[in-house]
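**Q** Sequence plus predicted model, see below.
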Amino acid sequence: MEGGDGCSALCKFEQCGNKVVDPGRGVRDDAQNGNQDDGCTDNCKVPACGDAFVQASLNEECDLGGENSNTARSALPRLQGADLRRRLLPRGRRAVRRRPQQTTTTPARPTAPSTSAATASCGPRARPATTATPTTTTPHQRLQVATCGDGFKQPSEECDNGGANSNTGACTCVQAPGLVATPSPSRARARRTTAPPRTPTPALHLGKNAKCGDTFVQAGVEQCDDGNQINTDACTNTCKNAACGDGFIQMGVEQCDDGNQVNTDACTNSCKVAVCGDGFVQAGVEQCDDGNQVNTDACVAGCKTAKCGDGFVRMGVEQCDDGNTNNNDGCSSTCQIEVSKCGNGVIDPGERCDTALPPPFTGVTCKPVTCLYDFSQVTQLYCNGSCTWAGGSGCDQADANILCKLKTGNPNSVATGWTDTTAQPTFGFPCTPLGYGIPIGPIPEYGVPQNVSYQNTSILANHGAGQIVLNPTCTNP
């Protein structure tokens, strides 16, 4: 008739669900009514964290039974469908203080009638003798779904510093799509009748080590973080604010960025393309750069160093500058004004003729001021066969260039076109090696080092129908 041996004093099997508190079977027995939160679970146990039932009275959010762990978030994804919904409650509840210890006393059982074991009657009124024994339940700790910020580093997390987690610190919290906290159906049904339903949190979050590109600006480490891999916007891929000299051309802001602090290369320190007039002397390209557009100082157009013959009169240094370094043209080779004697009727040193004298040759006049020959009206130069002036045998580009230098008086003049024909019955430059014409000699001021002769009469009459350069088109730079 002793209880606890599998057969009760009422001759019933001792088991959970028989509405009798059998010895060693628990503190209550509610006949396994399916309610796990009425003080007695279907296992005839007092509700507790770890019993695999989610109890609202304990403010639990989940209960995975033996799988509960401070680092067991990895167990959650294995649950699917109704099983997951049964075990999880919505996140975001306020923390609830631990329940204080409470003592429950099991009522004393009636003592069985005093009979010997041999004569003991097994009947419906028989009760095993028991003594009221206080049963103390331990405090129930609130069970929560593992989440970023709980201070426990889950297998799926890179870090978790608890309350120190921050989007500007070393450990951030990022959303983990696909793992959603969903209330159990039984609790949802209960809320529909007792209180408005709670809105489930969209997704759980995981602790991640802060890094460049996570869109969070880590204090003291990053200057910016735009979450992309574009180096040409305001935030580079190293999470530094874009700046001139970082090696990346910021679109719409910089023209260039060579990543150095050299102002004398193709990209200045202001990330502008180097140009003449920017104030920086570009190595190997410019001779000077004074940052202005003034051509009368020491640095002229094209960032060239001013010099006599550049065509610009340097203030305080030159009296004139006619673009050449010839003497006897009014402006000397040192860019000083020459005192002209031209017109005094005397061919002075440096002069070829004098305007006060008759013309030196037929079709040739004397230039005023300089008293040099004016061959501008001469139209032909004989260059047939071995009578060539320059270049190969016969008339070519080199011979046409000689005629242009003589006609313009400019040593830099070249022919851009001419007529290749036979000798004309008029004056011109004959074939000097044949001894025709009046010898003049070299004319270096015109850029002609060859011996020059001039014929006042018909070239055709003296030379015959030989090859000539006729009426060239000349440059005069």
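**A** Here it is on my side, so go on.
**Q** the strands in the protein, which residues?
**A** Using DSSP state E, the strands of the chain run over 102-105, 134-137, 171-176, 204-209, 299-300, 304-305, 365-366, 373-374, 380-382, 415-422, 438-443, 448-454, 467-474.
**Q** Could you say which of the ones you listed is packed most deeply?
**A** strand 380-382 (a mean of 27; mean count of other CB atoms under 10 Å). For every residue, glycine as well, the C-beta is placed using N, CA and C.
**Q** where's that strand relative to the chain centroid, distance-wise?
**A** A distance of 67 Å separates the centroid of the chain from that of strand 380-382, by CA atoms, centre = their mean, to the nearest Å.
**Q** so what does it touch, helix or strand wise?
**A** helix 397-408, helix 459-463, strand 467-474 (3 or more CB pairs under 8 Å, 6 or more residues apart in numbering; DSSP states H and E).
**Q** Least confident of those, on average?
**A** Mean pLDDT per stretch puts helix 459-463 lowest among the helices and strands packed on strand 380-382, at a mean of 93.
**Q** buried set for it?
**A** 459, 460, 462, 463 (16 or more other CB atoms under 10 Å).
**Q** who are the neighbours of that helix, in terms of helices and strands?
**A** Using 3+ CB pairs under 8 Å, 6+ apart, helix 459-463 is in contact with strand 380-382.
**Q** Could I get the full set of helices for the stretch 151-300 of the chain?
**A** In the stretch 151-300 of the chain, the helices defined using DSSP state H, counting those that start in this stretch lie at 185-194.
**Q** so where's it uncertain?
**A** Within the stretch 151-300 of the chain, the stretches with pLDDT under 70 are 175-205, 207.
**Q** quick one: average pLDDT of stretch 422-439?
**A** For stretch 422-439, the mean per-residue pLDDT is 93.
**Q** Tell me how far that stretch lies from the chain's centre.
**A** For stretch 422-439, the distance to the chain centre is 73 Å (CA atoms, centre = their mean).
**Q** residues in contact with it?
**A** 361-363, 378-384, 386-387, 403, 406, 450-468, 470 (CB atoms under 8 Å, 6 or more residues apart in numbering).
**Q** at 7 Å instead, please
**A** The contact list for stretch 422-439, computed with CB atoms under 7 Å, 6 or more residues apart in numbering, reads 362-363, 378-382, 386-387, 451-468, 470.
**Q** try stretch 156-167
**A** Outside stretch 156-167, the residues that touch it by CB under 7 Å, 6+ apart are 73-74, 148-154, 171-173, 206-209, 216.
**Q** And that stretch, what's buried?
**A** Within stretch 156-167, judged by 16+ other CB under 10 Å, the buried ones are 156, 157, 159, 160, 161, 165, 166, 167.
**Q** Could I get the CA-only coordinates of it as PDB?
**A** C-alpha atoms of stretch 156-167 as PDB (Å, rounded to 0.1, in the frame of the first residue of the first chain):
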ATOM      1  CA  SER A 156      26.700  33.600 -36.300                       C
ATOM      2  CA  GLU A 157      28.100  36.800 -34.800                       C
ATOM      3  CA  GLU A 158      31.600  38.300 -35.200                       C
ATOM      4  CA  CYS A 159      31.300  40.200 -31.900                       C
ATOM      5  CA  ASP A 160      28.900  41.200 -29.100                       C
ATOM      6  CA  ASN A 161      30.000  43.800 -26.600                       C
ATOM      7  CA  GLY A 162      26.500  44.100 -25.000                       C
ATOM      8  CA  GLY A 163      25.600  47.600 -24.100                       C
ATOM      9  CA  ALA A 164      28.900  48.800 -25.600                       C
ATOM     10  CA  ASN A 165      27.700  47.900 -29.100                       C
ATOM     11  CA  SER A 166      27.300  51.000 -31.200                       C
ATOM     12  CA  ASN A 167      27.100  51.900 -34.900                       C
END
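**Q** about what we covered before: quick one: which of the strands of the chain is nearest residue 268?
**A** Of all the strands of the chain, it is strand 299-300 that lies closest to residue 268, at 17.4 Å by CB to CB.
**Q** Quick one: distance of the closest one to the chain centre.
**A** Counting by CA atoms, centre = their mean, strand 299-300 is centred 38 Å from the centre of its parent chain.
**Q** got a markdown table for the strands of the chain, with distance to residue 7 too?
**A** Shown next, in a markdown table, are these (distance: least, CB to CB, whole Å):
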| stretch | distance to residue 7 |
| --- | --- |
| strand 102-105 | 26 |
| strand 134-137 | 23 |
| strand 171-176 | 54 |
| strand 204-209 | 50 |
| strand 299-300 | 119 |
| strand 304-305 | 120 |
| strand 365-366 | 153 |
| strand 373-374 | 149 |
| strand 380-382 | 145 |
| strand 415-422 | 131 |
| strand 438-443 | 146 |
| strand 448-454 | 142 |
| strand 467-474 | 135 |
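**Q** No further questions, thank you.
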